[in-house]
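S.K.: sequence-free structure coming up:
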């Protein structure tokens, strides 16, 4: 292989285009010949990977960008994976392209034509992370999934205010008020749909004291981070979404264990999805008992006519 081509391919995750070969003085048919011989792999029309081994996700993404050409950038699920907001490799490589260009769709590639291209950056060019959050927000119809999206973004972004600014620049953004509400909750420390359901359906709806979220504490020689802490009342709540998997403890088992914990004076309560979502009133009643033992002088309030409190 021409040394110049080899060096170029090395900087492009092993990808080369027919146009680049021509620029290096190589006949255009070389790409097709190498693919036919099995030495290279065809990624997209006019784009090849200069080896015969497995393709990494980054190589697929690079090939897609080179195929789409000028102004293209990873977007949506591809950009979310690139920036670390998603841990699962997307099946399709999603690319945004300026409106004035036309790119023929290909297998494994999803193209978005954009009248206004959001800012992008990087050697593997991708739409800025806050703009990606807004793009994905427009797809979500489920509140829990939307909260998960924002919580994932909060783990990689320095500030959620960047997401708020990106939202403000979108004149036709759906469910804007909901986005603002969820952004505020994430900034307050909510990190999962289960935590949000606890705060809304158990705590607020039943008039319990406002808790602190994601509190770092020291217990003996251990350093822990508690999901929910009622400061000054000696009550800590851990929310475990994994306990809902088949083979885990039953809801009645967990409530019985919590009752023993309260009676013995230990103030760490553990709940899962079935408790928080399936029976928020009963859960609120149990938390209220623990808070009363810790010195809370208030009383839980029924969330509605059918509430069992």
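M.R.: Now that the structure is in, tell me what you want to look at. Note that the structure is predicted; figures quoted are calculated from it, not measured. Numbering: from 1, shown residues only.

S.K.: what residues does stretch 158-177 touch?
M.R.: Contact partners of stretch 158-177, identified using Cβ atoms under 8 Å, 6 or more residues apart in numbering, comprise 118, 128-131, 133-134, 137-138, 150, 153-154, 157, 179-180, 183, 186-187. Every residue, glycine included, has its C-beta placed from N, CA and C.

S.K.: for residue 136, what are its contacts?
M.R.: Shown in contact with residue 136 (Cβ under 8 Å, 6+ apart): 76-77, 80, 149.

S.K.: For these, pick the one with the most neighbours.
M.R.: residue 80 (27 neighbours; other Cβ atoms under 10 Å).

S.K.: Distance check, the closest residue to that residue other than its chain neighbours against residue 170.
M.R.: Spatial nearest neighbour of residue 80, chain neighbours left out: residue 86 (4.4 Å); criterion: Cβ to Cβ, 6 or more residues apart in numbering. Per Cβ to Cβ, to the nearest Å, residue 86 is found 21 Å from residue 170.

S.K.: show me where the stretch 1-150 of the chain has strands.
M.R.: Taking DSSP state E, counting those that start in this stretch as the criterion, the stretch 1-150 of the chain carries its strands at 15-17, 41-44, 47-49, 73-74, 93-98, 109-114, 120-121, 126-127.

S.K.: Quick one: list the elements packing against the fourth one.
M.R.: Read that as strand 73-74. helix 57-68, strand 93-98, strand 126-127 (3 or more Cβ pairs under 8 Å, 6 or more residues apart in numbering; DSSP states H and E).

S.K.: Kindly reformat these as TSV containing mean neighbour count, distance to residue 193 and mean pLDDT.
M.R.: Formatted as TSV, the helices and strands packed on strand 73-74 follow (neighbours: other Cβ atoms under 10 Å; distance: least, Cβ to Cβ, whole Å; pLDDT from 0 to 100):
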stretch	mean neighbour count	distance to residue 193	mean pLDDT
helix 57-68	22	27	97
strand 93-98	23	24	98
strand 126-127	27	25	98
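
S.K.: Would you convert those into a markdown table that also reports distance to residue 270?
M.R.: A markdown table is the format used below for those (distance: least, Cβ to Cβ, whole Å):
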| stretch | distance to residue 270 |
| --- | --- |
| helix 57-68 | 37 |
| strand 93-98 | 39 |
| strand 126-127 | 39 |
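
S.K.: which stretch among the ones you listed comes nearest residue 276?
M.R.: Nearest to residue 276 among the helices and strands packed on strand 73-74 is strand 93-98 (33.8 Å), distances taken as Cβ to Cβ.

S.K.: follow-up on the earlier one: could the strands of the stretch 1-150 of the chain go into TSV alongside distance to residue 6?
M.R.: Converted to TSV, these look like this (distance: least, Cβ to Cβ, whole Å):
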stretch	distance to residue 6
strand 15-17	9
strand 41-44	16
strand 47-49	13
strand 73-74	25
strand 93-98	25
strand 109-114	26
strand 120-121	27
strand 126-127	26
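
S.K.: who wins for proximity to residue 144 among the ones you listed?
M.R.: strand 93-98 (22.8 Å).

S.K.: Could you name the helices and strands sitting against the closest one?
M.R.: Packing contacts for strand 93-98, counted by 3+ Cβ pairs under 8 Å, 6+ apart, involve helix 57-68, strand 73-74, helix 76-82, strand 109-114.

S.K.: try 6 Å this time
M.R.: Judged by 3 or more Cβ pairs under 6 Å, 6 or more residues apart in numbering; DSSP states H and E, the packing partners of strand 93-98 are helix 57-68, helix 76-82, strand 109-114.

S.K.: tell me which strands and helices the second one is in contact with?
M.R.: In this structure, helix 76-82 makes packing contacts with strand 93-98, strand 126-127, helix 129-137, judged by 3+ Cβ pairs under 6 Å, 6+ apart.

S.K.: Could you tell me the angle between the last one and strand 109-114?
M.R.: What it means is helix 129-137. Using axes from the mean of the first three to the mean of the last three Cα atoms, to 10 degrees, one finds that helix 129-137 and strand 109-114 are set 100 degrees apart in direction.

S.K.: Return the distance of helix 129-137 from the chain's centre.
M.R.: Offset of helix 129-137 from its chain centre (Cα atoms, centre = their mean, to the nearest Å): 10 Å.

S.K.: Which members of the contacts of stretch 158-177 are classed as buried?
M.R.: By neighbour count, with 16 or more other Cβ atoms under 10 Å, the contacts of stretch 158-177 hold 118, 128-131, 133-134, 137, 150, 153-154, 157, 179, 183, 186 as buried.

S.K.: lowest-pLDDT helix or strand in the protein?
M.R.: The helix or strand of the chain with the poorest confidence is helix 251-264; it has a mean of 57 (mean pLDDT, DSSP states H and E).

S.K.: Helix or strand next in line after it, which one?
M.R.: Downstream of helix 251-264, the next assigned helix or strand under DSSP states H and E is strand 268-271.

S.K.: Neighbouring strands - and their directions - for that next one?
M.R.: strand 235-239 (parallel) (DSSP bridges).
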